[in-house]
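Trainee: build me a model:
(one chain, ligands or ions: 1)
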Amino acid sequence: MHLLSVSSLYKQQGSFALKDISFQQSPFQKIAIAGETGSGKSTLLKIIAGLVQPDGGQVLFEGKRVTGPLEQLVPGHPGIAYLSQHYELRNNYRMEELLEYANKLPEEKAQALYRLCRIDHLLKRKNDQLSGGEKQRIALAKLLTQTPRLLLLDEPFSNLDPIHKNILKRVLEDIGKEWQITCLLTSHDPLDTLSWADEIIAMKDGQIVQQAPAEEIYRNPLNDYIAGLFGSYNRFDKTDVVLFPSLSALPMNGKPLYLRPEQFRIVTAADADAVKGAIQQISFWGSYYEIQVLIGHKQVVVKTMQPPDPQQEWLYLSL
Ligand SMILES: Nc1ncnc2c1ncn2[C@@H]1O[C@H](COP(=O)(O)OP(=O)(O)OP(=O)(O)O)[C@@H](O)[C@H]1O
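Mentor: Have a look, this model is predicted:
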């Protein structure tokens, strides 16, 4: 049985509408909802959490309908925890006091949870002695002491530096594995979610545009919007085969073909499939270089570990 089943959700909010949202989540399946700002991700999470009333459709959690705030006195569902982008921790309390007040777990289990959330060294501190990433993990631990079965995280990676982002990623892995809690999260930077998610749901203008496993959505995006969500890409249409003859070996079926920069190889002129291009720009990205290459009238972006010689004006590409 599905843990979560969302069907035909509809919600009007001013000029924005969430339209016909349907998907299912199995126990322990890791789903990320991706989409540009304003595509409706937070609204969807809040409806699932029972915090916003939908205008149509329904959410089933463990086979039972999640009621909206207009149907119950205290909004929310005891089995579903929702961590907002704008969580608040009370001032003037030590973190251990805040957690103790909320905690429903036996002491030993609570301490294990604080270790898992990497906050056990922060318990004596007050709100103003913590960084944003540390506060977020305290807020997360506080929610988890309520023993939810489904954890909804709204943009957990935004506003985090790479160090705190990586800590949070490890915490989320452990929550799934060690605490058997299913996670559903949103992100407007899906690159953060590729390594974590089993399945990605991409949204635009209140609708689901594509739903697929992480690798599938990265390699076979449905359109330019989805391709762009996951970083640099090259779009090739049928007419581009003249410029790049080896494209004819790839299945296009009348649709554009999206190739990621790392799918090209820099070769020598002697390579049978070599296509000559003019180097336009080289940018350094830490672990790789991105090169803008002009082939005929077409701009192509290529990723490489070895940059060309700075004097070099041309290079040869192959697929
Ligand atoms: N209470 C509200 N009343 C009217 N419009 C709203 C309300 N809440 C959100 N909206 C609008 O609904 C749309 C979707 O908002 P939502 O916060 O769900 O998007 P999002 O994809 O989560 O964006 P972000 O990544 O910036 O958080 C936006 O255009 C927003 O302005």
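
Trainee: next, the buried residues of the helix or strand of the chain with the lowest mean pLDDT.
Mentor: When each helix and strand of the chain is scored by mean pLDDT, DSSP states H and E, helix 162-179 comes last, with a mean of 88. Under the neighbour-count criterion of 16 or more other CB atoms under 10 Å, helix 162-179 has 164, 165, 167, 168, 169, 171, 172, 175, 176 buried. Just so you know, the C-beta spots here come from the backbone N, C-alpha and C atoms, and that holds for glycine as well.

Trainee: list the contacts for the last one?
Mentor: Listed by CB atoms under 8 Å, 6 or more residues apart in numbering, the contact partners of residue 176 are 28, 30, 182, 183.

Trainee: do I have it right that the second one meets residue 195?
Mentor: No: taking CB atoms under 8 Å as the definition, residue 30 is not a contact partner of residue 195, at 10.4 Å.

Trainee: neighbour-wise, which of those two wins?
Mentor: residue 30 (19 against 9; other CB atoms under 10 Å).

Trainee: quick one: the helices in the stretch 101-250 of the chain, in order.
Mentor: 107-116, 132-144, 162-179, 214-219, 224-229 (DSSP state H, counting those that start in this stretch).

Trainee: anything in the last one near the ligand?
Mentor: No: Helix 224-229 stays clear of the ligand (CB under 6 Å from any ligand atom), getting no nearer than 12.1 Å.

Trainee: show me what that helix is packed against.
Mentor: strand 199-204, strand 207-213 (3 or more CB pairs under 8 Å, 6 or more residues apart in numbering; DSSP states H and E).

Trainee: would you mark the buried spots in that helix?
Mentor: Buried, per 16+ other CB under 10 Å, within helix 224-229: 225, 226, 227, 229.

Trainee: then the second one?
Mentor: Along helix 132-144, these residues count as buried under the neighbour rule (16+ other CB under 10 Å): 133, 134, 135, 136, 137, 138, 139, 140, 141, 142, 143, 144.

Trainee: ok, of the residues you listed, which one's closest to the ligand?
Mentor: Taking CB to the nearest ligand atom as the measure, the ligand lies nearest residue 136 of the buried residues of helix 132-144, at 15.5 Å.
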